[in-house]
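A.B. asks: sequence below, structure please.
(2 chains)
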Amino acid sequence: AQSVAQPEDQVNVAEGNPLTVKCTYSVSGNPYLFWYVQYPNRGLQFLLKYITGDNLVKGSYGFEAEFNKSQTSFHLKKPSALVSDSALYFCAVRDPLDSNYQLIWGAGTKLIIKP
Amino acid sequence: DTEVTQTPKHLVMGMTNKKSLKCEQHMGHRAMYWYKQKAKKPPELMFVYSYEKLSINESVPSRFSPECPNSSLLNLHLHALQPEDSALYLCASSQVAPPGLAYEQYFGPGTRLTVT
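C.D. replies: Got it, this is the predicted structure:
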């Protein structure tokens, strides 16, 4: 069965330190991978995606993610965390064979950046 | 314009009421989605419209009735809801991707629905 795992419910990072939010997936073939962020009482905002090509993808707000096919991972990273990065982060995967654009979502990781 | 708008922001309704949620986008996207999201959980897909035609109905109860009047508008009609239907309802839109591509979804801010 296709699935996405975000193994950490919560990640705590000090402001200015690098951050990593983990995502692993189980999808047949070469998946399409996405990261979204949700601020309190808001809708989801797209951060970045991997479709094909360079394994390192750069996105909004200084975030980047690295696609690792052998480890079936797509971890989200940022070199220097800001307090304003505190939010709920979702990893999502789409099976390229699915013509209905359905996303398989991870459970979400709450990121807390402490001043 | 990369905005998806949703109205109302908040809605409180009784179990016998009929109400509608509205969603609008002007990005020329031809795929539109309704999601239900419970607190601190990922969104659950309810419906997908592609070129104004319903392409996915994720076994959603008939008390939820979607409508796509044109390529910019998406409605969700609500009737005889249950308290467990209380949630954040999110609308999203995207381009329709040809094989080999995938486009991100743009989400609205949501309607916070409380069923009493």
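A.B. asks: please save the CA atoms from stretch B:45-57 in PDB.
C.D. replies: Taking Å, rounded to 0.1, in the frame of the first residue of the first chain, the C-alpha atoms of stretch B:45-57 are listed here in PDB:
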ATOM      1  CA  LEU B  45      -9.800  14.600   0.200                       C
ATOM      2  CA  MET B  46     -13.500  14.800  -0.400                       C
ATOM      3  CA  PHE B  47     -14.100  15.700  -4.000                       C
ATOM      4  CA  VAL B  48     -12.100  16.600  -7.100                       C
ATOM      5  CA  TYR B  49     -13.500  18.400 -10.100                       C
ATOM      6  CA  SER B  50     -11.500  18.400 -13.400                       C
ATOM      7  CA  TYR B  51     -12.700  20.600 -16.200                       C
ATOM      8  CA  GLU B  52     -15.900  21.300 -14.100                       C
ATOM      9  CA  LYS B  53     -16.700  17.600 -14.000                       C
ATOM     10  CA  LEU B  54     -16.700  15.500 -10.800                       C
ATOM     11  CA  SER B  55     -13.900  13.100 -11.100                       C
ATOM     12  CA  ILE B  56     -13.500  11.900  -7.500                       C
ATOM     13  CA  ASN B  57     -16.000  11.400  -4.700                       C
END
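A.B. asks: tell me the phi and psi of residue B:37?
C.D. replies: phi -130, psi 120 (degrees, to the nearest 10).
A.B. asks: so it makes contact with residue B:90?
C.D. replies: Yes - using C-beta atoms under 8 Å, residue B:37 is in contact with residue B:90, at 5.8 Å. Glycine gets a C-beta too; all of them are placed from N, C-alpha and C.
A.B. asks: so which of these two has more stuff around it?
C.D. replies: With neighbours defined as other C-beta atoms under 10 Å in any protein chain shown, residue B:37 and residue B:90 compare such that residue B:90 has more, 28 against 19.
A.B. asks: can you give me the neighbour number for the spatially closest residue to that one that is not a sequence neighbour?
C.D. replies: Spatial nearest neighbour of residue B:90, excluding adjacent residues (C-beta to C-beta, 6 or more residues apart in numbering or on different chains): residue B:35 at 4.3 Å. Per other C-beta under 10 Å, the neighbour tally for residue B:35 reads 26.
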